[in-house]
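A.B. asks: generate coordinates for the sequence data below:
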Amino acid sequence: MFDSSKARGKNFGRYLKPLLNGELLVKARGKEIVYAAGLWPVRLHQHAVRVHFGLEGTMAVIPTEAFMDMISRDCPGSNKDKKKAASMRSFIVPEQLTVRGARSTAGMGPTMVIFAALVGKEHTLVMVDHNRLLRIHLMSRSKPWTADDFTPHSKSWAYLWSDNHGPDWIYERDNAEQRLDLWRDTILTGHRAGLSVSIPPSILDVMCSNQDVFNGYGQHTAHDLLHKLGIWPGMTPYSLCTDDTKYDHFKRALHEYAQQYQSPPYRARCLGVPNHPSALTYNYKSDDNYHMHYLLVYRKSTVRMSREDYNSFAKQGLFNPSHVIGEPYSFKDIELISVAYRDVAIYQYSRSGKDPIYSVISARPPAHWKYGGDDVTQILARDARSAGFSTTLGPASFHMFKNNQYDWTTNNEPGRKAKVHPDFYLLSPAS
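C.D. replies: Now for the predicted structure:
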C-alpha cells in the first residue's frame, strides 16, 4: 500500500499493476540476472526485470502464504534519520519464517527489505538486500517475452544486459575469449606506445573492475583463480600478457574455474534446502561446504595444497621470502614434499591497512608491481569462518540467513533446575 500511494499519478505506477499468470523465464549472465514472468493483457506492454545484486543482495524462495502475510505488515526502515526511515520501508518477517531466539529489530522481530518478487501459487521468489544497494532495471515491450529471447543468438540478447558487462565465461566462452584477446592486444599495444602509467594497476584490480572482459569475477573469485595459477595478485597485466604460456593458462582457467559454480557437486553441497521448517534458516551445512570446497585463499587463514600444486610453487621459489618473483630459481629437494598434501598459511598484504590482498606466496614481488616495495605490511590472514553473525561469502552467508539463527549473545529464559537425588549428601572429611 505504501508503494502504491507513492506511485499514484507517476509514470512508474503501471509497473505495480498485477500481471496475468504466465511462464517464468530466467537467465543469469555474470553478475546480472534477468526475469520475465506473467502476462499483461495483450494490448499493454510486457515487462522483464534485470537485477544486479551488488555486494549484499540475494534471493530466497518462501511460501507464498508467508509472503502475503509479510507484505501486509510493513514498518519504517533502519535509517537513523526518522524521516528517511519512514519512506524506506521494510517488512516484518512472519513468525513461521523466524527461528526461535533469533535476533530482532527494535523488539518487533526480524525485518526484510524486498525489492521485487516473483509470486507463484505455492512459492514466491524474493529479491532482498538489507543494505538497499541492489539495482533493478525494468524493460518493456509490446509482445510477450519468450525462452528464445533469453539465448545468446537472439536479437533481444544485447538489450537484456548492461552495456558495461561482457560475455559470460560459462556459456559464452568463445565470445569471452575473443574479448580477452582484444584486451590483451590493447595492453601490449599501449605498452609499446609508452602509454603505461607510473603505478600500473594489478591483474586483480583489472579482473574486479573490468566486467566487460571479466564478467562475473570479483574479489573472492579473482583471488582464488590467481592462486590456482600461482600468480601474485599484484602482478601487472602487462607481465601476464607478455608471457604466452602464463596467458594461455589464464585464458583457459577463466572458463574452467567459473564452470564449477554450475556443476552438480556445487549444487548438492551448497544450494540444498535447510533441514528446518523456515525457508530463511541459516544453512550451516551449505556454509561449511562453501568455505571448505569453494573458498581457497580470499579471507582464509590456511589452504590445503596438493603435493603437485605445492611442489610447483616451491620449484618457482614462491615460498622463499628471499626470492624475487619471476627471476630464475634453483630449488632444493628439501623444499618439496612427498606427502599427499600440506596445509599452507595464507598472508594478508596491505598498505596502511587498505585494500588487502591474500596469497600463500611469500616471495618478493618486483618493485614496480602493486604491493612491491618495503612499505607493505604482511600478516597472517584472519579466517572468514570466525566472523560469527557477520556476513562473509557463499550462498548461505547473507544478512537474512545469518541473523535468523539462535542468538547466543542474548540472555534468554533459563532451562529447568538441575535435579538433586534425595539420597545424595555432601560429606565433610572426618576431623
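A.B. asks: when you work out contacts or count neighbours from here on, use the C-alpha atoms and nothing else.
C.D. replies: Will do.
A.B. asks: please enumerate the strands of the stretch 1-150 of the chain.
C.D. replies: 25-29, 32-36, 46-52, 58-63, 74-75, 90-92, 111-112, 114-119, 123-128, 135-141 (DSSP state E, counting those that start in this stretch).
A.B. asks: also the stretch 301-431 of the chain?
C.D. replies: Secondary structure of the stretch 301-431 of the chain (DSSP E, counting those that start in this stretch): strands at 302-306, 341-345, 347-351, 354-359, 377-380.
A.B. asks: with mean pLDDT and mean neighbour count as added columns, please give these in JSON lines.
C.D. replies: Compiled in JSON lines, those are given as follows (pLDDT from 0 to 100; neighbours: other CA atoms under 10 Å):
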{"stretch": "strand 302-306", "mean pLDDT": "97", "mean neighbour count": "17"}
{"stretch": "strand 341-345", "mean pLDDT": "97", "mean neighbour count": "15"}
{"stretch": "strand 347-351", "mean pLDDT": "94", "mean neighbour count": "21"}
{"stretch": "strand 354-359", "mean pLDDT": "93", "mean neighbour count": "18"}
{"stretch": "strand 377-380", "mean pLDDT": "94", "mean neighbour count": "15"}
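A.B. asks: figure out which of those strands is closest to Thr111.
C.D. replies: Closest approach to Thr111 among those (CA to CA): strand 354-359, 31.7 Å.
A.B. asks: relative orientation of the closest one and strand 302-306 in degrees?
C.D. replies: 30 degrees (axes from the mean of the first three to the mean of the last three CA atoms, to 10 degrees).
A.B. asks: now Tyr247: which helix or strand?
C.D. replies: helix 244-259 (DSSP states H and E).
A.B. asks: contact partners of that helix?
C.D. replies: Contact partners of helix 244-259, identified using CA atoms under 8 Å, 6 or more residues apart in numbering, comprise 169-170, 173, 177, 180, 225, 229, 240-241.
A.B. asks: try it again at 7 Å.
C.D. replies: If you take CA atoms under 7 Å, 6 or more residues apart in numbering as the criterion, helix 244-259 is touched by 169-170, 173, 225, 240-241.
A.B. asks: what about the helices in this protein?
C.D. replies: For the chain, the helices defined by DSSP state H cover 2-7, 64-71, 82-87, 157-160, 173-192, 203-209, 219-228, 237-241, 244-259, 264-270, 284-293, 307-315, 399-402.
A.B. asks: out of the ones you listed, which gets nearest to Val26?
C.D. replies: Of the helices of the chain, the one closest to Val26 (CA to CA) turns out to be helix 157-160, at 11.5 Å.
A.B. asks: quick one: residues in contact with that closest one.
C.D. replies: 149-151.
A.B. asks: still on that earlier bit, how about the strands of the stretch 1-150 of the chain in CSV, adding distance to Arg8?
C.D. replies: Converted to CSV, the strands of the stretch 1-150 of the chain look like this (distance: least, CA to CA, whole Å):
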stretch, distance to Arg8
strand 25-29, 29
strand 32-36, 24
strand 46-52, 19
strand 58-63, 28
strand 74-75, 19
strand 90-92, 20
strand 111-112, 24
strand 114-119, 18
strand 123-128, 23
strand 135-141, 18
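A.B. asks: could those be laid out in CSV, adding mean pLDDT, mean neighbour count and distance to Arg14?
C.D. replies: Formatted as CSV, the strands of the stretch 1-150 of the chain follow (pLDDT from 0 to 100; neighbours: other CA atoms under 10 Å; distance: least, CA to CA, whole Å):
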stretch, mean pLDDT, mean neighbour count, distance to Arg14
strand 25-29, 94, 16, 21
strand 32-36, 94, 20, 16
strand 46-52, 90, 20, 11
strand 58-63, 92, 17, 24
strand 74-75, 84, 18, 21
strand 90-92, 88, 22, 22
strand 111-112, 86, 22, 24
strand 114-119, 90, 17, 15
strand 123-128, 94, 19, 20
strand 135-141, 90, 14, 11
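A.B. asks: fine by me, thanks again.
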